[in-house]
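**Q** need coordinates for the below:
(one chain, ligands or ions: 1)
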Amino acid sequence: KQTLDYAQQLYEKKLLTYPRTDSQYLTEDMGQTAQHLVSDLLGLLPFAQGLDLTPEVGRILNSKKVSDHHAIIPTAEFAKQGFTGLAESECKLMNLVCSKLLCAVAAPHEYETVTAVFSCAGNEFAAKGKTVLVPGWKEIDQRFRSTLKADTEEEVLNTLPELAEGQSFSVMANVSEHFTSPPKAYTEDTLLSAMERAGAEDMPEDKVNCSAGAREGGLGQAERKGLGTPATRAAILEKLVQMGFVQRKGKQLVPTKDGINLAVVLPESLTSPVLTAEWENRLTEIAKGNADPDEFMAEIEAQVRQLVKTYSCISADKQNLFQSERVVIGKCPRCGENVYEGKKNFYCGNRGCQFVMWKNDRFFEQRKKAFTPKIAAALLKNGKAKVKGLYSEKTGKTYDATVLLADTGGKYVNYRVERKE
Ligand SMILES: [Zn+2]
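**A** Residues are numbered from 1 along each chain as shown. Model (predicted):
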C-alpha cells in the first residue's frame, strides 16, 4: 500500500505514468516515445553509466495486451527533471521503474547449460552447470541491485569443468541426514503476489484460453484470475488485520483463531478465488456488450438467496468455534461442574443444573457493590468472601464484611452478611 501511495504521489507530480495498471506493455504508437525515453534515462541513471545498450523497443509494444492503461514507465517530464526535489523513497521507486524499463528493452540473457550424468554403483547422478554467453538484461538488473543495500545476494553460478563422455572418477561417499522444513507463513509481499495468481490453477484450461474475451485478445491476464486489483489488494489485507482475522508477527501475516474458524465455517464457494474470477470474467463481457447485466444480477441474487437459505443456521459446533475462551470461576456447589463467567452472570457449565449467580443481584446492588469474578470465586471456593466497602442504607456509610453464599437450591441463589460474633 505504501508503495502504491508513493507511485500515486509521483503520478500526481507527472513523473510517473498511471500506476494502477496490470499491463506490462506499451501501445504500438509509443515506439518513438519509448526510444527517446530510454536514451534519456541512460544518461540520467547513475547505475546505467557507461552501459552499452541497443534498446529493442519493439519487444515491449503490444496494444492487445494494454486494456485501460499501459505499463508503468517514467514520463518525459522525469527524463528532463531527473531526481531533483524527490524524497528518498520516491527516488528508489523511480530507480526501480527505470531499471525495469531498461531491462525490458535490453538484449535477452543468454547462457549455456550443461548437464552431466554420472553412473556410480548402479545409480545415476546428475550435475548441472551454467555458462553465461551474453549477459543481456541481467547486467542492468545486477547493476541496479548493487545500488540497493539490502539485496546484495549474488547469483552463484555453477560452472562445470571440461568433461568428456566415458571419463571415470573416483569418489568419496558418505550418508547424511536432513529434514525438510514446512513452508513459511506468508509475508505481505508473498501474500500479495499469491493474491495476484490466486485461482490460476483452479480455472479450467478452456476458460483461461478460450473464453470469448480471450479469443479477441482483449482480456487482460489479471482479469481472469487473482483476487482484487493492484489498487485494492493491499487494502484488503489491511482490512483483515483490522478486523482481527489476520495478525502481523514481524514480517509474517498469520491467521488468528477467528480467521481460521471463519475459513472453516464459510461455504467453499465463498472462499474459493474461482468465484471472483468468474465474476470478473462476466463483468468484462458486460463491459464489451457481450453479456446481459440484468441476467448477471439475477444470478447473483439467486446465489445469495441460496446461500442465505442453506447457511441461515450454523450447527452448534460451528457456533461454538466463535465463543471466546470461557473463564472458569470455580466449581458449582450443587453439581461440582465448572462455573463460568458470562456477560451478566456466573453460570454452571452443566446444562441440567440451574445454578447461576447474577451480577446484578439485588443483594449487591443494594449495597452498591460490584459482584466481581473475584468475589464469585471466593464464594464458590469457601462459601464466603471478604468484601470491602459495602454500603449501608441505614447509616449511609460503608463497611467491610464477610458475605456468605446461602444457596437453597432454588431458582435464585441467596447471599447474606455474616453476623459479627
Ligand atoms: Zn451445577
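
**Q** the ion contacts on the stretch 251-400 of the chain?
**A** Selection of the stretch 251-400 of the chain residues close to the ion by Cβ under 5 Å from the ion yields 332, 334-335, 337, 348, 350, 353, 355. Every residue, glycine included, has its C-beta placed from N, CA and C.

**Q** weed out the non-buried ones from those.
**A** Buried members of these, counted by 16 or more other Cβ atoms under 10 Å: 332, 337, 348, 355.

**Q** look up the pLDDT of the second one for me, please.
**A** Pointing back at residue 337 there. For residue 337, the model assigns a pLDDT of 93.

**Q** which residue packs closest to it, ignoring adjacent ones?
**A** residue 350 (3.9 Å; Cβ to Cβ, 6 or more residues apart in numbering).

**Q** again with residue 9
**A** Spatial nearest neighbour of residue 9, excluding adjacent residues (Cβ to Cβ, 6+ apart): residue 90 at 6.6 Å.

**Q** for that neighbour, give me its contacts.
**A** Residue 90 makes contacts with 6, 9-10, as judged by Cβ atoms under 8 Å, 6 or more residues apart in numbering.

**Q** just give me the closest of those to residue 160.
**A** Taking Cβ to Cβ as the measure, residue 160 sits nearest to residue 6 out of the contacts of residue 90, at 43.9 Å.

**Q** relative to residue 142, which of the buried ones among the residues of the stretch 251-400 of the chain next to the ion is nearest.
**A** residue 337 (68.7 Å).

**Q** by contact count, what packs against the host helix or strand of residue 297?
**A** Assigned by DSSP states H and E, residue 297 belongs to helix 293-311. Applying 3 or more Cβ pairs under 8 Å, 6 or more residues apart in numbering; DSSP states H and E, one finds that helix 293-311 contacts helix 273-287.

**Q** which other helices and strands contact the helix it packs on?
**A** Packed next to helix 273-287, using 3+ Cβ pairs under 8 Å, 6+ apart, are helix 212-216, helix 221-224, helix 293-311.

**Q** buried sites along the helix holding residue 297?
**A** Buried residues in helix 293-311 (16+ other Cβ under 10 Å): none.

**Q** output it in CSV with nothing but the alpha carbons.
**A** What follows is helix 293-311 as a C-alpha-only set of coordinates in CSV (Å, rounded to 0.1, in the frame of the first residue of the first chain):
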residue,chain,number,x,y,z
PRO,A,293,-26.1,-7.1,-16.8
ASP,A,294,-29.7,-7.9,-15.6
GLU,A,295,-29.1,-11.6,-16.1
PHE,A,296,-25.9,-11.4,-14.2
MET,A,297,-27.6,-9.6,-11.3
ALA,A,298,-30.4,-12.1,-11.3
GLU,A,299,-27.9,-14.9,-11.0
ILE,A,300,-26.2,-13.2,-8.1
GLU,A,301,-29.5,-12.7,-6.4
ALA,A,302,-30.4,-16.3,-6.7
GLN,A,303,-27.0,-17.4,-5.5
VAL,A,304,-27.2,-15.1,-2.4
ARG,A,305,-30.7,-16.4,-1.8
GLN,A,306,-29.5,-20.0,-1.9
LEU,A,307,-26.5,-19.2,0.4
VAL,A,308,-28.7,-17.5,3.0
LYS,A,309,-31.2,-20.4,2.9
THR,A,310,-28.5,-23.1,3.3
TYR,A,311,-26.4,-21.3,5.9
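
**Q** how is the chain divided into domains?
**A** Following automatic domain parsing, the chain resolves into domains at 2-105, 188-321, 328-417.

**Q** now the weakest link among those domains, please, by mean pLDDT.
**A** Taking the mean pLDDT of those, domain 188-321 comes last: a mean of 78.
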